[in-house]
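Peer 1: Quick one: sequence plus predicted model below, questions after.
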Amino acid sequence: MFVWNADDLNADQVKAIEQPGSVFLSACPGSGKTRTLIYKIARELSLLTSDKQRVVAITYTHRAADEIQERIEQLGVETSQLWIGTIHSFCLEWILRPYAIYHPELKHGFRVINAHDTERALDLLCRQHGGGLRIFDCGHHFTSAGYVISCPDWKRAKVEALLQQYWAELRANRQVDFEMILDYAFQLVRDIPSIGILLGSIFATVLVDEYQDTKEIQYAIIGAILKASNGKANAFIVGDPNQAIYGSLGGYAITPAEFSALSGVSFTEMDLSVNYRSSDRIVTYFENYNQLTSKISAGGKYKAYKSAISYDFATHHSELVDEVVRLIRYNVETLGIMPGEVCIVGPQWLPLAGMTRQLVAALPDYSFSGPGMVPFARDIDNFWYKLSRIILTEASPQLYIRRSRWAGEVIAALDLAGVNTAAMTRKSLLRTSNAISSAETDGLKYLLECFDALFAALGIDRNSSPMLTEHYEAFVEGSKRRLDRLVEDGATAIAEVAMFRKVFDEKTGVTVSTIHGVKGAEFEAVIAFGLLEGMVPHFNEEDKVAAANKLLYVICSRAKKNLHLISEAGRRRRQNELYQPTDILLACNFGYDQIL
């Protein structure tokens, strides 16, 4: 059995890990949720009694899956019987690909299209349908009962007609987008009971991370498999209802009783309530936005740190970048915080991209990572993106486990593309890739030269596989469009190889992220702007008070030491209307600090 050192975990974490049966664990920010999940997975792997059994861990992001698997392997635990990934990857690997033959719309084969393909198709249809429709009006998600459209009511009929045409075109081309992956997987599990029975007999434990971001149809898929296991599979469900900020995308925090009724599983409810990340002052502050009755306490090394917490609603929008620059310099140059421990948070990608580029110009001696600084198409399901991770990272002992896993993903993708990989191993692929070089300084040209050189060395003709060809065209087209836009905006250095390599670097520069993108991360200093009614919360949110509390809770709980909140004045909302500060934030009575 897997064992750990006495000081690895606290008493509540140990209880959760050792609790027999199924557990529903509520974990506050900074409570060691990921560590608990890692040790639970390691323990469950060590308890398997058959080489046919599997432990399945479903994470919200690919990045989280990578981190968890790496840390388990660093504990010396064998992971050959672990499957870990996102719900979309799970549905593809365990349901759609093995059982597509049983679905009339999938039995003749299908191809998963990427986000770029989806956006391009919807944008074209918006222009065809007219009526003022734009791509962000087309937001939707599937449920076990059908689908939900997220646009305003007055646009609903037009959007529904557009989506029906979009889905019909996908079916005609035997294509599946990310949302349809879930819908088809649910239909298969619902209509072919033997699928759930078989999977339920294989899975010893199913772990779900960040359950509060899970959609109803995802709960239905997982619940059906657990129910079909007839008590053979246990579940370990982890998350924080206070951080359920994906409501507009269909995510919500199911209650233990609801999921028990859905899955037939009896849960022991447990919680982790000690925050090891933040100072006591930071914890006291973000508790203002806690919508649950549980009390959180600080218990980490920064507990007694005298945190600076500021709130600024006077700075004008035109002076926002100067103020953010001042706060960065204050934390880095005055307080000695490393740039990689500073995060700039905004509510939307568009202003963030502009902010990033302006910060790069204002602080030439600093490095930044953000939505406006990713120089090529970042599509985790695209084969060439998978391969670029290996090409753009150095061969080093520190990165070996990660690069080896990436190599395994590349080989699996080649198999799926119809390439014979019988003689290829992870080590041989890495060895061949490490020997590839190019003198090209343009980042995209460098990548494409390395792709060609590697495939030549492997003896593979990429044009012989339709999948590889389609992925290649999507990767190149998406990258060129992104680069052209960035260069046009003045970020000429973004096209260089050095900037391409930074995409996969460990955190060294200032991070720029959306609220949704920063969830799960932590930084010594957090600077948040755009805290305005209509942005935080978004104007489409039904329960604006709850949404604002959850978003502010997420923002503020990322900070270890210092927190700076900005509701900039003068940002125009409509022609004759300005955005106003977020009501919940403005109403919070707290002794804020002045940063001079």
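Peer 2: Happy to help now that I have it. For clarity, every value in this text was computed on a predicted model and none was experimentally measured.

Peer 1: Quick check: residue 38 is in a helix.
Peer 2: Yes: when classified by DSSP: H, G, I helix; E, B strand; the rest coil, residue 38 is found to be part of a helix.

Peer 1: and the gap between it and residue 284?
Peer 2: Using C-beta to C-beta, to the nearest Å, residue 38 is found at 29 Å from residue 284. In short, each C-beta sits where N, CA and C put it, glycine included.

Peer 1: Look at the two and report which has more neighbours.
Peer 2: Remark: of residue 38 and residue 284, residue 38 carries more neighbours, 22 against 16, as counted by other C-beta atoms under 10 Å.

Peer 1: Excluding chain neighbours, what is closest to the more buried one?
Peer 2: Using C-beta to C-beta, 6 or more residues apart in numbering and skipping the chain neighbours, the partner closest in space to residue 38 is residue 71 (5.1 Å).

Peer 1: could you point out which element follows the helix or strand in which that neighbour is found?
Peer 2: If you go by DSSP states H and E, residue 71 is part of helix 62-74. Next in sequence after helix 62-74, counting helices and strands by DSSP H and E, comes strand 82-86.

Peer 1: just checking, what packs against the next helix or strand after that following strand?
Peer 2: With elements assigned by DSSP H and E, the helix or strand that comes after strand 82-86 is helix 87-91. Here helix 87-91 touches strand 54-59, helix 178-191, helix 216-228, going by 3 or more C-beta pairs under 8 Å, 6 or more residues apart in numbering; DSSP states H and E.

Peer 1: Adjacent strands (with direction) for the shortest one?
Peer 2: Within its sheet, strand 54-59 is paired with strand 82-86 (parallel), strand 203-208 (parallel), according to DSSP bridges.

Peer 1: Spatially central residue in this structure, please.
Peer 2: residue 61 (3.7 Å; C-alpha atoms, centre = their mean).

Peer 1: ok, it touching residue 87?
Peer 2: No: counting by C-beta atoms under 8 Å, residue 61 does not reach residue 87; the two are 10.8 Å apart.

Peer 1: contact partners of the helix ranked longest in the chain?
Peer 2: Across the chain, the longest stretch assigned as helix under DSSP state H is helix 466-488. Helix 466-488 is contacted by residues 111, 114, 116-117, 357, 372, 374-377, 379, 382-385, 416-419, 443-444, 448, 451, 462-463, 494-495 when judged by C-beta atoms under 8 Å, 6 or more residues apart in numbering.

Peer 1: and if you look at stretch 442-456?
Peer 2: In this structure, residues lying in contact with stretch 442-456 by C-beta under 8 Å, 6+ apart are 375-376, 384, 387-388, 391-392, 432-433, 436-438, 440, 461-462, 472, 476, 479-480, 483, 495-497, 499-500.

Peer 1: Point out where this protein drops to low pLDDT.
Peer 2: Within the chain, the ranges that satisfy pLDDT under 70 run 293, 371-373, 377-378, 489-493, 506-507.

Peer 1: Neighbours of the closest residue to residue 399 other than its chain neighbours, how many?
Peer 2: Spatial nearest neighbour of residue 399, chain neighbours left out: residue 393 (5.7 Å); criterion: C-beta to C-beta, 6+ apart. Applying other C-beta under 10 Å, we find 17 residues neighbouring residue 393.

Peer 1: Buried subset of the contacts of helix 466-488 as a PyMOL selection?
Peer 2: A single PyMOL command selects the buried members of those (16 or more other C-beta atoms under 10 Å):
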select buried, resi 114+116+117+357+372+374+375+376+377+379+382+383+384+385+417+419+443+444+448+451+462+494+495
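
Peer 1: From the contacts of helix 466-488, which land in strands?
Peer 2: residue 111 (DSSP state E).

Peer 1: Pull the distance from stretch 446-460 to the chain's centre.
Peer 2: 30 Å (C-alpha atoms, centre = their mean, to the nearest Å).

Peer 1: Parallel or antiparallel, which strands does the longest strand anywhere in the chain pair with?
Peer 2: Using DSSP E to assign secondary structure, the strand with the most residues in the chain is strand 559-566. Sheet pairing for strand 559-566, assigned by DSSP bridges, gives strand 309-312 (parallel), strand 523-528 (parallel).

Peer 1: In contact with the closest residue to residue 509 other than its chain neighbours, which residues?
Peer 2: Once flanking residues are discounted, residue 509 sits nearest to residue 367: 3.1 Å by C-beta to C-beta, 6+ apart. Going by C-beta under 8 Å, 6+ apart, residue 367 touches 339, 502, 508, 509, 510.

Peer 1: can you do 10 Å?
Peer 2: For residue 367, the contact set (C-beta atoms under 10 Å, 6 or more residues apart in numbering) comprises 339, 340, 360, 373, 499, 502, 505, 508, 509, 510.

Peer 1: How about residue 323?
Peer 2: For residue 323, the contacting residues are 312, 314, 315, 316, 527, 529, 564, 566, 568, 595, by C-beta under 10 Å, 6+ apart.

Peer 1: Touching, residue 74 and residue 401? I think so.
Peer 2: Yes: contact criterion C-beta atoms under 10 Å: residue 74 and residue 401 qualify, at 7.3 Å.

Peer 1: Specify which residue of these two has the higher count of neighbours.
Peer 2: Set residue 74 next to residue 401 and count neighbours by other C-beta under 10 Å: residue 401 wins out with 15 against 10.

Peer 1: phi, psi of that one?
Peer 2: Note on residue 401: backbone dihedrals following degrees, to the nearest 10 are phi -60, psi -40.

Peer 1: counting contacts, what elements does whichever strand or helix holds residue 584 pack onto?
Peer 2: Residue 584 is part of helix 583-587 when elements are defined by DSSP H and E. Contacts defined by 3 or more C-beta pairs under 10 Å, 6 or more residues apart in numbering; DSSP states H and E place helix 583-587 against helix 544-556.

Peer 1: export the helix it packs on as PDB, just CAs?
Peer 2: Taking Å, rounded to 0.1, in the frame of the first residue of the first chain, the C-alpha atoms of helix 544-556 are listed here in PDB:
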ATOM      1  CA  LYS A 544     -25.900  38.700 -10.500                       C
ATOM      2  CA  VAL A 545     -25.300  38.900  -6.700                       C
ATOM      3  CA  ALA A 546     -24.200  35.200  -6.500                       C
ATOM      4  CA  ALA A 547     -22.100  35.600  -9.700                       C
ATOM      5  CA  ALA A 548     -20.300  38.700  -8.400                       C
ATOM      6  CA  ASN A 549     -19.500  37.000  -5.100                       C
ATOM      7  CA  LYS A 550     -18.100  33.900  -6.700                       C
ATOM      8  CA  LEU A 551     -15.900  35.900  -9.200                       C
ATOM      9  CA  LEU A 552     -14.600  38.200  -6.400                       C
ATOM     10  CA  TYR A 553     -14.000  35.100  -4.200                       C
ATOM     11  CA  VAL A 554     -11.900  33.500  -6.900                       C
ATOM     12  CA  ILE A 555      -9.900  36.600  -7.700                       C
ATOM     13  CA  CYS A 556      -9.100  37.500  -4.100                       C
END
